[in-house]
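>>> When you get a sec, could you give me coordinates for this:
(2 chains)
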2 protein chains.
Amino acid sequence: MSAGALAEARSNPSTRRQDILDAAETCFVRNGFHRTTMQDLARQAGMTAGNIYHYFKSKEAVVLGLAEHERARGAALVADLARAGDRRMILTGIIAQHFAEIPREVAILRLDLWSEATRNPAIAAMHERFEEEGRAFFIDLLAGLATSGECDPASLYETMDALMKGIIVNRALTPDYDPAPAVAQLHAVIDAGLAGRLSKSSKPDGGASR
Amino acid sequence: MSAGALAEARSNPSTRRQDILDAAETCFVRNGFHRTTMQDLARQAGMTAGNIYHYFKSKEAVVLGLAEHERARGAALVADLARAGDRRMILTGIIAQHFAEIPREVAILRLDLWSEATRNPAIAAMHERFEEEGRAFFIDLLAGLATSGECDPASLYETMDALMKGIIVNRALTPDYDPAPAVAQLHAVIDAGLAGRLSKSSKPDGGASR
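Modelled structure (predicted):
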């Protein structure tokens, strides 16, 4: 038994699982899902090619594991914020940590995951489940923050959601991207929506009438 | 010479180029860039595997050709709109055709292209060039439409751009996506921005003070 294999056999299964997820993050960001093999993941995690299958039965399972891990991190963040502050602080905190300060590598992975979800039913189903959870959470949060009866939390969430996704796309695409202006605009849009200043009475062609 | 090869030899080079781009659109949407080979493209375009290289020297060249083609289509649309209408009609027309009515397949290709641009320098450079052109065009258009001195066209474009990208992501991800609510919100955001109602005085934490 080699020293590496011995160390591997000794270590904790959940630590090894996490090592593989960390290795996957590195490999996927460098080469994308498709160019990465299970062998690449094993090499990066410092384990034998055969052993990696004890932890994840396929590359798809690694992808699902990574997404699940990111979601758990998000839930922990929300729980922390909920303990510490009010609704607006929760919202501001989520935007800061999930969007304003998102590292480029995480944004690239997110973009790959979306791209993969358009073709892989298991990844699509997981994505849809997370989207539904996020939607319900945010609509409830926005409803509690509305300062006008004109505010439509569901429409406002639709806008917020698209804006946040667009910020992630730009973060992934632009190496020196500064998210601050877009995030400031996101807050301005949220403020306008909560105060009912993005009401449906703004028609698509409303500009002409002013 | 087979009948197919004969027909291929007779046909017009620019028609053949277009056939390959059409075939690429079909193959890329079905399987993504990475799983598609030049051989797949040749088969889909009904030509010999060797001959496709007379038109495109690599899969990357096909991708760049597709993107250039989409851009030419966009420029033609803008020229049509500019002949027919005023600035607001141009803006509304671009949003309708490029975002509200974008077919799911086109949105999926766009997502793939972004994902590819994070790793392929030639695709990244092309993407950056198109982004710069779009930015200059839209900022000029928005500046001409502003109805308040409080409107900041560059910030408003930043918002519009992220929102439009997010709409494309959602269109790609959700088979039964209805873009109408997000597009209505996009117009509401543009109206609010043009009228100076998304001004910088809306602080991120402005909600607390109301």
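>>> Could you chop chain A up by domain?
Following automatic domain parsing, chain A resolves into domains at A:1-57, A:66-199.
>>> In CSV: these, plus distance to chain B, mean neighbour count and mean pLDDT.
All C-beta atoms are positioned from the backbone trio N, CA, C, and that covers glycine. CSV is the format used below for these (distance: least, C-beta to the nearest C-beta, whole Å; neighbours: other C-beta atoms under 10 Å in any protein chain shown; pLDDT from 0 to 100):
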stretch, distance to chain B, mean neighbour count, mean pLDDT
domain A:1-57, 4, 16, 83
domain A:66-199, 3, 18, 90
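>>> Switch those over to TSV, and while doing so, append distance to residue B:89 to every line.
Below are these laid out as TSV (distance: least, C-beta to C-beta, whole Å):
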stretch	distance to residue B:89
domain A:1-57	41
domain A:66-199	22
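>>> which outside residues touch stretch A:163-178?
Under the contact criterion C-beta atoms under 8 Å, 6 or more residues apart in numbering or on different chains, stretch A:163-178 has outside partners A:95, A:98-99, A:102, A:104, A:107-108, A:110-111, A:179, A:182-183, A:185-186, A:189, B:114-115, B:117-118, B:124, B:127-128, B:131, B:159, B:161-166, B:169-170.
>>> same thing but 7 Å
A:99, A:102, A:104, A:107-108, A:110-111, A:179, A:182-183, A:186, A:189, B:114, B:117-118, B:127, B:159, B:161-166, B:169-170 (C-beta atoms under 7 Å, 6 or more residues apart in numbering or on different chains).
>>> quick one on the thing from earlier: what's the closest of the domains of chain A to residue B:60?
Across these, residue B:60 has its closest neighbour in domain A:1-57 (13.9 Å, C-beta to C-beta).
>>> And that closest one, how far out from the chain middle?
Relative to its chain's centre, domain A:1-57 lies at 23 Å (C-alpha atoms, centre = their mean, to the nearest Å).
>>> cool, and stretch A:75-94?
Centroid separation between stretch A:75-94 and its chain, computed with C-alpha atoms, centre = their mean, is 16 Å.
>>> Mind jotting down where the helices sit in chain A?
Along chain A, the segments classed as helices by DSSP state H run A:3-10, A:13-35, A:38-45, A:52-55, A:59-84, A:87-95, A:104-117, A:121-145, A:153-173, A:180-194.
>>> Now the residue nearest to the spatial centre of chain A: closest residue in space, sequence neighbours ignored.
Nearest to the geometric centre of chain A sits residue A:110, at 6.1 Å (C-alpha atoms, centre = their mean). Leaving aside its chain neighbours, residue A:110 sits nearest to residue A:168 (5.4 Å; criterion: C-beta to C-beta, 6 or more residues apart in numbering or on different chains).
>>> With residue A:65 instead?
Distances taken as C-beta to C-beta, 6+ apart place residue A:21 nearest to residue A:65, at 5.8 Å, with adjacent residues excluded.
>>> can I assume the one you found is in contact with residue A:67?
No: if you go by C-beta atoms under 7 Å, residue A:21 and residue A:67 don't touch, sitting 10.2 Å apart.
>>> and the closest residue to residue A:116 other than its chain neighbours, what does it touch?
Of all residues beyond its chain neighbours, the one nearest residue A:116 is residue A:123 (5.2 Å), with distances taken as C-beta to C-beta, 6+ apart. Applying C-beta under 7 Å, 6+ apart to residue A:123 gives the contacts A:63, A:64, A:113, A:116, A:117.
>>> do the same with residue A:32
A:112, B:119.
>>> before we move on, what about residue A:151?
With C-beta under 7 Å, 6+ apart, residue A:151 has these contacts: A:193, A:194, A:196.
>>> How about residue A:108?
Residues in contact with residue A:108 (C-beta under 7 Å, 6+ apart) are A:29, A:172, B:118.
>>> now swap in residue A:126 and tell me
By C-beta under 7 Å, 6+ apart, the contact set of residue A:126 is A:64, A:67.
>>> And for residue A:101?
No contacts exist for residue A:101 under C-beta under 7 Å, 6+ apart.
>>> What's the separation between it and residue A:82?
Separation of residue A:101 from residue A:82 (C-beta to C-beta, to the nearest Å) stands at 19 Å.
>>> and if you look at residue A:124?
Distance, residue A:124 to residue A:82, by C-beta to C-beta: 30 Å.
>>> do the same with residue A:55
Counting by C-beta to C-beta, the gap from residue A:55 to residue A:82 is 32 Å.
>>> What of residue A:170?
The value you get for residue A:170 to residue A:82, if C-beta to C-beta is used, is 29 Å.
>>> Can you tell me, leaving aside adjacent residues, what's nearest to residue A:43?
Using C-beta to C-beta, 6+ apart and skipping residues adjacent in sequence, the residue nearest residue A:43 is residue A:49, 7.8 Å away.
>>> wait, what's in contact with that neighbour?
The contact partners of residue A:49, taken as C-beta under 7 Å, 6+ apart, are A:38, A:39, A:42.
>>> Can you report phi and psi for it?
Backbone torsions of residue A:49, given as degrees, to the nearest 10, read phi -60, psi -40.
>>> just how off-centre is stretch A:117-135 within its chain?
That offset, for stretch A:117-135, works out to 12 Å (C-alpha atoms, centre = their mean).
>>> Dump the C-alpha coordinates for that stretch into PDB.
The C-alpha trace of stretch A:117-135 is given here as PDB (Å, rounded to 0.1, in the frame of the first residue of the first chain):
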ATOM      1  CA  ALA A 117     -29.100  22.200 -16.500                       C
ATOM      2  CA  THR A 118     -30.400  22.900 -20.000                       C
ATOM      3  CA  ARG A 119     -29.500  19.300 -21.000                       C
ATOM      4  CA  ASN A 120     -29.100  17.200 -17.900                       C
ATOM      5  CA  PRO A 121     -32.500  16.300 -16.300                       C
ATOM      6  CA  ALA A 122     -31.100  15.500 -12.800                       C
ATOM      7  CA  ILE A 123     -29.300  18.900 -12.700                       C
ATOM      8  CA  ALA A 124     -32.300  20.600 -14.100                       C
ATOM      9  CA  ALA A 125     -34.600  19.100 -11.400                       C
ATOM     10  CA  MET A 126     -32.200  20.100  -8.600                       C
ATOM     11  CA  HIS A 127     -31.900  23.600 -10.000                       C
ATOM     12  CA  GLU A 128     -35.600  24.000 -10.200                       C
ATOM     13  CA  ARG A 129     -36.000  22.900  -6.600                       C
ATOM     14  CA  PHE A 130     -33.500  25.400  -5.400                       C
ATOM     15  CA  GLU A 131     -35.100  28.100  -7.500                       C
ATOM     16  CA  GLU A 132     -38.500  27.400  -6.000                       C
ATOM     17  CA  GLU A 133     -37.100  27.600  -2.500                       C
ATOM     18  CA  GLY A 134     -35.300  30.800  -3.200                       C
ATOM     19  CA  ARG A 135     -38.400  32.300  -4.800                       C
END
